[in-house]
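Enquirer: Next input, structure requested:
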Amino acid sequence: MSIKKILVSQPKPATAKSPYFDIAERHGVEIVFRPFIKVEGLSIKEFRQAKINPADYTAVIFTGRHAVDNYFRLCEEMRFNVPDTMKYFCTTESIALYLQKYIVYRKRKIFFGKTGKLDDPQLVAAILKNSGEKFLFPVADIHKDNFSELDKNNINYTKAIMYRTVSNDFTPEEPLDYDMLLFFSPAGIDSLKKNFPDFDQDEQNIYIGTYGADAAKAVTDAGLRLDYAAPTPEYPSMTAALDAFLTKVNGTK
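Expert: Here you go, the predicted model:
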């Protein structure tokens, strides 16, 4: 069965330079960006139940933009003016640069890693040099961050749940009329099952592709057929894997 319409369960790329658009043109397919999940910030009432006061901390660790957005949102709603002396530790440079949305970047103490992981040597070294700080760590309700380096080095940190991942519900008027679905997290698979409880992959002739080991496992655990999984040494990105899969199934190049 040839593939003509693909659902990518992520927001539409902000620029026209995304490889997805090149793939759509090259293979003559329609690509629709429709997230199965969305991020929802905790209310002040919910957050206060954890009895965490942002004013008690001198540094913040960020692993994503949602963490940045919800930290500053809650601080504003709690009428806490984040001091200029606050130190920021980010798992990537792009997250660090995103802080410019809320602070004057050049006037703050900001540190970041290269690998996007908490155990990044550069990031760990920066945290150890500032081990006397009291760290706040904004996270989602479901997270898989590895805190071993922080624990091993006796870093004084507190995990603070500030947002959650929830199903992005489809309306009754939205049919699942796609030839292929691409997922990036187990939550996306959960949302598929919630929105379409009668989903029958074989009967509907729908291919499924994933990015990341957790998403791939969620597909098989749900009793679905996984048609391809990225990354692999040959196809390190979702778009590279998709390009190759379309060439194989559709016979296009």
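Enquirer: mind listing the strands in the stretch 51-200 of the chain by residue range?
Expert: Counting by DSSP state E, counting those that start in this stretch, the stretch 51-200 of the chain has these strands, from start to end: 59-62, 87-90, 109-112, 135-140, 157-167, 180-183.
Enquirer: residue contacts, the most centrally placed residue in the chain?
Expert: What sits nearest the mean C-alpha location of the chain, by CA atoms, centre = their mean, is residue 64, with 7.4 Å. Contacts for residue 64 (CB atoms under 8 Å, 6 or more residues apart in numbering) come out as 91, 95. C-beta coordinates here come from the backbone N, C-alpha and C atoms, glycine included.
Enquirer: Quick one, grab the pLDDT at it.
Expert: In this prediction, residue 64 carries a pLDDT score of 90.
Enquirer: What distance do you get for it to residue 252?
Expert: As judged by CB to CB, to the nearest Å, residue 64 and residue 252 stand 35 Å apart.
Enquirer: repeat for residue 234
Expert: Using CB to CB, residue 234 is found at 19 Å from residue 252.
Enquirer: ok, those two, which is more surrounded?
Expert: residue 252 (15 against 9; other CB atoms under 10 Å).
Enquirer: And the helix or strand containing residue 218, what's buried?
Expert: Under the criterion of DSSP states H and E, residue 218 resides in helix 213-221. Neighbour counts using 16 or more other CB atoms under 10 Å place 215, 216, 218, 219 of helix 213-221 among the buried residues.
Enquirer: go on, stretch 156-163?
Expert: Neighbour count says stretch 156-163 has 157, 159, 160, 161, 162, 163 buried, by 16+ other CB under 10 Å.
Enquirer: nearest residue to residue 12 other than its sequence neighbours?
Expert: Excluding the flanking residues, the one nearest residue 12 by CB to CB, 6 or more residues apart in numbering is residue 33, at 3.9 Å.
Enquirer: Please apply the same query to residue 147.
Expert: Using CB to CB, 6+ apart, the closest residue to residue 147 is residue 118 (6.9 Å).
Enquirer: same question for the helix holding residue 218, mean pLDDT?
Expert: 93.
Enquirer: in its sheet, what does the helix or strand following that helix sit against?
Expert: Using DSSP H and E, the helix or strand that follows helix 213-221 towards the C-terminus is strand 228-230. Partners of strand 228-230 in the sheet, by DSSP bridges, are strand 207-211 (parallel).
Enquirer: Please, where are all the helices along this protein?
Expert: Remark: helices assigned in the chain by DSSP state H are 19-27, 44-48, 65-77, 93-98, 121-129, 148-152, 186-195, 201-204, 213-221, 238-250.
Enquirer: And these: which comes nearest residue 56?
Expert: Comparing those by their distance to residue 56 (CB to CB), the top pick is helix 65-77, with 12.3 Å.
Enquirer: Let's see that closest one as CSV, backbone CA atoms only.
Expert: The C-alpha coordinates for helix 65-77 follow below in CSV (Å, rounded to 0.1, in the frame of the first residue of the first chain):
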residue,chain,number,x,y,z
ARG,A,65,11.6,25.1,27.1
HIS,A,66,8.4,24.0,28.8
ALA,A,67,10.3,24.0,32.1
VAL,A,68,11.5,27.6,31.4
ASP,A,69,8.0,28.8,30.5
ASN,A,70,6.3,27.4,33.5
TYR,A,71,8.9,28.4,36.0
PHE,A,72,8.7,32.1,35.0
ARG,A,73,4.9,31.8,34.7
LEU,A,74,4.5,30.5,38.2
CYS,A,75,7.0,33.0,39.6
GLU,A,76,5.0,35.8,38.0
GLU,A,77,1.6,34.5,39.2
